[in-house]
Every structure is written in C-alpha cells, then in structure tokens.
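Novice: Kindly return the folded structure for what I paste below:
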Amino acid sequence: MNEVRMKLSDLPGVRAFPVMRQGLGGGTGKPVQFVLGGPTYEKLAEWRDMLFAKIEEDNPGLEGLDSDYKETRPQLDFIVDYNRAADLGVNIRDIGTTLETIMGGRNVTTFLDDGEEYDVIVEGERALQNNLTDIENIYVRSARTGNLVPLSNLVDIREYGAPETLSRYNRIRSITIEANLADGYSLGEALQFLETTARETLPSEVVIDYKGQSRDFVNSGSSIIFVFLLGLIVVFLVLAAQFESWIHPFVIMLTVPLAIGGGLVALYFTGNSLNIYSQIGLIMLVGLAAKNGILIVEFANQLRDEGMRFNRALLEASETRFRPIVMTGLTTAAGAIPLVLSSGAGAETRMVIGVVILGGVMAATFFTLFIVPAAYSLIARRTGSPMDVTRELEESMKEQKTN
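Specialist: As a prediction, this is how the structure comes out:
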C-alpha cells in the first residue's frame, strides 16, 4: 500500500487512496469509518471540516482522509424576489411552473393513438440551456398587463456544489469519515482519538457511531469479555461433570490465566495489538491451557483410587506426566511457528494468532508443572478421589450381605 501510495502521489490533480481488502467479512472499505450524525447536512459538513482540520493538525497516523459527503454536483437555486414579482403583477405559481417546464419537463396531458395512451410532456430545448445567461431567454406573463417579463428580473440565481447522495445511518442524517492507518498506528488508537476529539471539539448534539471494520472492532472489543467468561464457564462445567467435583476443575482452570498472560506478553514484545485475531487466539488458549492441568489432576486421582497416599500420588503424577506435558506443549508451539513466520498477503492476521498461541502455550506448559501440583496440594487435599463414593457403596453392600 505504501508503494502504491508513493507512486500515485506524483500525479497532478489526482487523489488516490489504496485500500486493503478486509480479512473478516470481505469488502474493500477503509479500516477507519467514523460516522457523524446530526440535524442537517450543512451542520454535518461544518463539523466534518472542523474534525478534518483537527486531524491534519494533531494526528499524522490517519492517512487518506475522505468522507461520503462530497459537494461535487453543480446545483442551482432560483430565489424569487416576491416584492418585485408583486410589483410587476407576476404570479409566483407561474414562475414555478415556467421553471419546472423549461428547465425540467412537465406532463400536461395525454392522447390516444390506436388504443394506446401516451403522455404529452412539455420541456425546454436543451441546446438553449448550457449557460446561466440562457435564463435571460425565459419569460413569464404578467397577470396584470399581459406583457412578457424576463425571468432574470424576478429571480436571483445561487450556484453551489451539492452531494450526489445524502446518507442516513440508523435513520439519522450522517456523514462517514474514512481513513487509512499509518504503519504502527492501531485501529483502536485511531478510534479513541476520533471519539475524544469529536467530544471535545464538536457540539454536544453530535451523534457518534461506526461502520465497517471499525464497528466490528468496537463490537468485538465490548463483547470479548462476555465471550471469554462464557468460554471459561463452559469449560469449567464440562470438567466438573467429568471429575464429579468443583475443586478439581478449579485447580485445572488456574492454568488459563497463565496462558493468557503469556499470550499478552508475546503480543507486547512483538509489537502487535489486541485486535479481533488476537482475541480469537486468547479464546483458543482456554482449551489449550486446560489440557496440561487435566493430565496431572486425572493421573493423581487415579493413583489415589488405587490406594496411594495423597502426597505420594501427587509427586508420582507430576513426575510421570512431566514428559507428556512437555511433549504436547512443544508440539502445539511448533504448530504455531509457521503462522508466526508466514508471509504474503494477509500474513499479519495469521501471525497475530500464531504469536498468541505460541506465547500462551509456552507459558502454560512451564508454569503448569509448578502451579497445578502446588494448588492441588493446597486446595484438593481434603477432597476425595472419584472412586471414593464407589468404594463406600461397595463396602456398604458387603456389610448388608454379611448382616
């Protein structure tokens, strides 16, 4: 994009903005799409210009500023001088009808031909409407004297630029500001700057919203906590059903914060941001981290079921499961390395997921060997093994048969 931007910057009279195709959802919109809503389009255009001036002054990270409200369509307003029209005896309705007929066209009647009905449209000759001075050739008749009066004596013409389309967003008049991001400038920082600047610079009546990738980012940022907590609850409940205990799943889930911390640290040291792709990687770590704790806790429970004492069972489980935990952790991390080293179009999105998984899995693998045995010893010491209830039932049945 930078290469294309540099090559096109030397073209005189041309404004070119390269746009990257979005990885999620498709489309080719710019990443920054900031919506301003308000009462009138004139007010919105004024607020847009104020925001543009502030951005160009304070924020070089936003490139290729543009909006969907472009005053590029020539527009003419005919302002009638009511006093002069009254003095000359010209009806205002006649002025409107004349302008409608000559400048546009008017359906006046219909006629029948071989059973088919056709409209009769009266309009001015287009060859005589190329310049503003051609209005001097248009006349209206005075109702008082019956004489023809030049229309140019009754109206003032105001020429200005108008937009091709008028947009609405959520049924509110709106203008969308679009921009690309400079290298190293994240979408979150850009949206935070725009919102803060709009709140400080523009009136309180302005309505702020987002479109496209910006809206996806805001929605994902606000829902990531809910999705993450939902993932933790689901995994915890599944483990509770498998272990028939609330304590053992809690010990296993202590590895999840370690994995999340490792993923965030990896993002920090590689210079990546917390975006949609990194959030996906963090949610994946919930399941990847829990498996290491399952290996130790499940094997310790099996040894306790066989009658081994608590401390001996825990040490035996930690020692026996050390190699499987290291092997599965290394293979999972190795599987993420191709994502980290990927190149080509869209490699940045794959690299972020790979960085999160690599950092999170390595941290979870290392700390699980210490945290899970220590937590199991402190928390689960007074809990029974899964087969305790079965043994109690079997002993009770034996006693009943003996009696």
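
Novice: Which residue ranges of the stretch 201-350 of the chain form strands?
Specialist: Under the criterion DSSP state E, counting those that start in this stretch, strands of the stretch 201-350 of the chain are mapped to 207-210.

Novice: For it, which residues score under the pLDDT cut-off?
Specialist: Across the stretch 201-350 of the chain, residues meeting the criterion (pLDDT under 70) sit at 221-222.

Novice: OK, contacts around residue 274?
Specialist: Contacts for residue 274 (Cβ atoms under 8 Å, 6 or more residues apart in numbering) come out as 188, 264, 267. From N, CA and C alone the C-beta is placed, and that goes for glycine too.

Novice: who wins for neighbours among those?
Specialist: Each of those was scored by neighbour count (other Cβ atoms under 10 Å); the top score is that of residue 267, with 21 neighbours.

Novice: so what's that one up against?
Specialist: With contacts defined as Cβ under 8 Å, 6+ apart, residue 267 is in contact with 273-274, 278, 352, 355-356, 359.

Novice: redo that, cut-off 6 Å
Specialist: For residue 267, the residues meeting the contact criterion (Cβ atoms under 6 Å, 6 or more residues apart in numbering) are residue 278.

Novice: now do the one 5 residues further on
Specialist: By Cβ under 6 Å, 6+ apart, residue 272 lies in contact with residue 352.

Novice: Torsion angles phi and psi at it?
Specialist: The phi and psi torsions at residue 272 (degrees, to the nearest 10) take the values phi -90, psi 160.

Novice: State the distance from residue 37 to residue 67.
Specialist: Distance from residue 37 to residue 67, counting by Cβ to Cβ, to the nearest Å: 13 Å.

Novice: Correct me if wrong: residue 186 contacts residue 276.
Specialist: No: taking contacts as Cβ atoms under 6 Å, residue 186 lies outside contact range of residue 276: 12.0 Å.

Novice: Identify all contacting residues around the host helix or strand of residue 98.
Specialist: For residue 98, the element it lies in under DSSP states H and E is helix 92-99. Residues from elsewhere that reach helix 92-99, judged by Cβ under 6 Å, 6+ apart: 80, 140.

Novice: one more time with 10 Å
Specialist: Contacts with helix 92-99, where a contact means Cβ atoms under 10 Å, 6 or more residues apart in numbering, come from 76, 78, 80-82, 85-86, 90-91, 106, 124, 135, 138-143, 149, 151, 154-155.

Novice: Report the distance from that helix to the chain centre.
Specialist: In this view, helix 92-99 has its centroid 50 Å away from the chain centroid, taken as Cα atoms, centre = their mean, to the nearest Å.

Novice: Adjacent strands (with direction) for whichever helix or strand residue 173 is part of?
Specialist: Under the assignment given by DSSP H and E, the secondary-structure element containing residue 173 is strand 172-181. The pairing partners recorded for strand 172-181 under DSSP bridges are strand 32-37 (antiparallel), strand 62-67 (antiparallel), strand 168-169 (antiparallel).

Novice: which of those has the lowest average pLDDT?
Specialist: Taking the mean pLDDT of each of these, the lowest value is held by strand 62-67, a mean of 85.

Novice: Spatially nearest residue to residue 279 (excluding sequence neighbours)?
Specialist: Counting by Cβ to Cβ, 6 or more residues apart in numbering, residue 279 lies nearest to residue 224, which is 4.9 Å off, once chain neighbours are set aside.

Novice: How about residue 362?
Specialist: Beyond its immediate neighbours in the sequence, the residue positioned closest to residue 362 (Cβ to Cβ, 6+ apart) is residue 333, lying 5.5 Å away.

Novice: Could you check how far that neighbour is from residue 70?
Specialist: 51 Å.

Novice: more crowded one of the two?
Specialist: Counting neighbours by other Cβ under 10 Å for residue 333 and for residue 70 shows that residue 333 has the greater number, 19 against 13.

Novice: Quick check: the more buried one vs residue 354, distance?
Specialist: When distances are taken as Cβ to Cβ, residue 333 and residue 354 turn out to be 10 Å apart.

Novice: list residues touching both of these two?
Specialist: Residues touching both residue 333 and residue 354 (Cβ under 10 Å, 6+ apart): residue 340.

Novice: Out of the contacts of residue 274, which sit inside helices?
Specialist: Counting by DSSP state H, the part of the contacts of residue 274 found in helices is 188, 264, 267.

Novice: Among the contacts of helix 92-99, the buried ones, what's the PyMOL command?
Specialist: Entered in PyMOL, the line below selects the buried ones among those, by 16 or more other Cβ atoms under 10 Å:
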select buried, resi 80+85+90+124+135+138+140+142+149+151+154+155
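
Novice: I'd assumed residue 276 was in contact with residue 356.
Specialist: No: contact status for residue 356 versus residue 276: not in contact, 11.8 Å apart, counting by Cβ atoms under 10 Å.

Novice: and these two? which has more neighbours close in?
Specialist: The neighbour comparison of residue 356 against residue 276 (other Cβ under 10 Å) goes to residue 356, with 32 against 18.

Novice: tell me what the host helix or strand of the more buried one is packed against?
Specialist: Using DSSP H and E, residue 356 maps to helix 347-379. In terms of contact count using 3 or more Cβ pairs under 10 Å, 6 or more residues apart in numbering; DSSP states H and E, helix 347-379 is assigned the packing partners helix 247-253, helix 255-270, helix 276-305, helix 310-320, helix 322-340.

Novice: okay, now residue 162: neighbour count?
Specialist: Neighbouring residues of residue 162 were enumerated by other Cβ under 10 Å; the total is 14.
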